[in-house]
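Peer 1: Fold the following for me, if possible:
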Amino acid sequence: MFLSERGFHPLQQLARKLVVVFAILVLVLGLTFPAIAQDSKLNYTYSELPNSDFSHQQLQAASFARADVRSSDFSGSDLSRAILSEGKFMDTNLSGADLTEAFMDQVNLSGANLTNAIFTDAVAPGTNFTDANIAGADFSGALLDRYQLSQLCKRASGTNAITGIETRYSLNCEN
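Peer 2: Next up, the predicted model:
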């Protein structure tokens, strides 16, 4: 077995480096997202706000983490860099909303209207898009699970009216 000058196997050295890199990423990501939410005066974390009107509002970096906003109207709103983690957005109108760089893991968007919404560079693992209308939505650079991606590609259509990007192209759908 080959050992380096420090007495560690090369794989052990690699593992140590990966642990350090992972720790730095966790530290950076752990400090970045809460700082955004704290800077925002719009903190709806754990709120119960079904059927609310948030249409055409400036909600950049707002926090809707674990909020219940089902059947609410966010049409035309700017939710860029917002935190929607584990939020309940069922049957919500997000048509024309800007969710650029939004952090939206495990959000329930079932039955939501996402027509012409912009999800550029959004982070959305575990998000539920069941029966959501995604016509014209732009998912360019969004982080999605493979299963989500396959389901979205089955019904992707249209071109985003704001960015001019085809939904199928933004999802990298085949054919």
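
Peer 1: Can you report how many residues neighbour the residue nearest to Ile134 when sequence neighbours are not counted?
Peer 2: Residue nearest to Ile134 in three dimensions, not counting chain neighbours: Leu114, with 5.0 Å by CB to CB, 6 or more residues apart in numbering. From N, CA and C alone the C-beta is placed, and that goes for glycine too. Counted with other CB atoms under 10 Å, residues neighbouring Leu114 total 27.

Peer 1: same deal with the one 3 residues further on?
Peer 2: Using other CB under 10 Å as the criterion, Ala117 is surrounded by 30 other residues.

Peer 1: and if you look at Ala82?
Peer 2: Neighbours of Ala82 using other CB under 10 Å come to 31.

Peer 1: could you measure it against Asp53, distance?
Peer 2: Computed as CB to CB, to the nearest Å, the Ala82 to Asp53 distance reads 17 Å.

Peer 1: do the same with Met104
Peer 2: Distance from Met104 to Asp53, by CB to CB: 21 Å.

Peer 1: In terms of neighbours, single out the busier of the two.
Peer 2: Neighbour count, other CB under 10 Å: between Met104 and Asp53, Met104 has more, with 26 against 12.

Peer 1: The more buried one reaches Gly87, doesn't it?
Peer 2: Yes: under the criterion of CB atoms under 8 Å, Met104 makes contact with Gly87 at 7.4 Å.

Peer 1: Can you say which helix or strand has Ser150 in it?
Peer 2: helix 146-155 (DSSP states H and E).

Peer 1: Name the residues of that helix that come out as buried.
Peer 2: Under the neighbour-count criterion of 16 or more other CB atoms under 10 Å, helix 146-155 has Gln148, Leu149, Gln151, Leu152, Cys153 buried.

Peer 1: Quick one: name whatever helix or strand follows it.
Peer 2: helix 167-170.

Peer 1: Name the surrounding residues that touch that next one.
Peer 2: With CB atoms under 8 Å, 6 or more residues apart in numbering as the test, helix 167-170 has contacts from 134-140, 142, 153, 156-160.
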